[in-house]
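Student: give the three-dimensional model of this entry:
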Amino acid sequence: MKRAILEKRPRRKTRPVRLLHDNASSHTSRVARAALLECKFEELFHPAYSPDLAPSDYYLFPNLKKHLKGNRYADDNEVQTAVLAYFESQPTSFYKTGIESVESKWKRCIELKGDYVEKQ
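Tutor: Presented below is the predicted three-dimensional model:
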């Protein structure tokens, strides 16, 4: 891997290769960690997952659940059709609002030192 990176990005010979890792077992195994040390790669650890910072968890899905609540569907195809119709019917501003709200949630998460953000 190191050879391939240096061939594709020759400037990396003078700068460290940085890898962003989550805590997947393939990334944290002894073999993987030893290989990173041997290659002298710098690890950047992915922050823990937080539903407070995932627009799908705090914005898209709760609104979708409200929309679907109380409806009955005969099969999975009807559910998929309803979900697709819901998202297609949303104006651009709906998605823009969800993405723009991430910044305030980041700030709140930083203030709380990574603790969960309470509903506002």
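Student: can you list the domains in this structure?
Tutor: Following automatic domain parsing, one finds the domains of the chain at 2-45, 51-111.
Student: count of neighbours near the residue lying closest to Pro55 once chain neighbours are set aside?
Tutor: Nearest residue to Pro55, sequence neighbours excluded (Cβ to Cβ, 6 or more residues apart in numbering): Gly98, at 4.7 Å. (Each C-beta comes from the backbone N, C-alpha and C, glycine too.) Neighbour count of Gly98, defined by other Cβ atoms under 10 Å: 16.
Student: just checking, Gly98 touches Leu60?
Tutor: Yes: counting by Cβ atoms under 8 Å, Gly98 touches Leu60, with 6.3 Å between them.
Student: let me see the backbone angles for the residue located most distally from the centre of the chain.
Tutor: Most distant from the centre of the chain: Ala74, at 32.2 Å, with distances by Cα atoms, centre = their mean. Backbone torsions of Ala74, given as degrees, to the nearest 10, read phi -70, psi -30.
Student: distance of it from Ser89?
Tutor: Separation of Ala74 from Ser89 (Cβ to Cβ, to the nearest Å) stands at 21 Å.
Student: cool, and Tyr58?
Tutor: 21 Å.
Student: of these two, who's got more company?
Tutor: The neighbour comparison of Tyr58 against Ser89 (other Cβ under 10 Å) goes to Tyr58, with 19 against 9.
Student: so that one makes contact with Ile99?
Tutor: No: contact criterion Cβ under 8 Å: Tyr58 and Ile99 do not qualify, at 11.7 Å.
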